[in-house]
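Asker: Build me a model from this:
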Amino acid sequence: MAAPRKYPDELRERAVREVRTTGRPIAHVAKDLGIHKEALRGWVRQAEADRGERDDRLTTAEREELRQLRKENAELKRSNEILKAASVFFAQEIDRPRTRPSR
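Answerer: Residues are numbered from 1 along each chain as shown. Here you go, the predicted structure:
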């Protein structure tokens, strides 16, 4: 599970909107709202990526898709390991000579 967010989504949206609409420096807006300036800088960059204004970052949707694909990949790798172990086990069972119990 992800760590809880330090700042509520409403504050994030308000801060990004203020930076974009007023044109004020990020550091000034961050100080006014009691946010760390680097946190606000990251939010602004992410908002720009989500709008298609930046090519150097993944959008939020792309990040979510990547997270899901990584999770699915890990699951498939675990399943593959289980199947490999099972096939080795059954191959050994088939190769084992059968002896009849003595009467």
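
Asker: ok, longest helix in this protein?
Answerer: Longest helix of the chain, by residue count under DSSP state H: helix 60-95.

Asker: in that helix, what counts as buried?
Answerer: Judged by neighbour count using 16 or more other CB atoms under 10 Å, helix 60-95 contains no buried positions. Yep, even glycine has a C-beta here, placed from its N, CA and C like the rest.

Asker: Tell me how many other residues crowd Thr59.
Answerer: Using other CB atoms under 10 Å, Thr59 has 15 other residues around it.

Asker: got a list of what the residue positioned nearest the centre of the chain touches?
Answerer: Central residue of the chain (CA atoms, centre = their mean): Arg67, 3.6 Å from the mean position. Applying CB atoms under 8 Å, 6 or more residues apart in numbering to Arg67 gives no contacts.

Asker: pLDDT wise, what is it at?
Answerer: You'll see Arg67 listed with a pLDDT of 97.

Asker: Ok, Ala3 next?
Answerer: We have a pLDDT of 69 for Ala3.

Asker: now swap in Ser102 and tell me
Answerer: pLDDT, Ser102: 65.

Asker: quick check, distance from the longest helix of the chain to the centre of its chain.
Answerer: 19 Å (CA atoms, centre = their mean, to the nearest Å).
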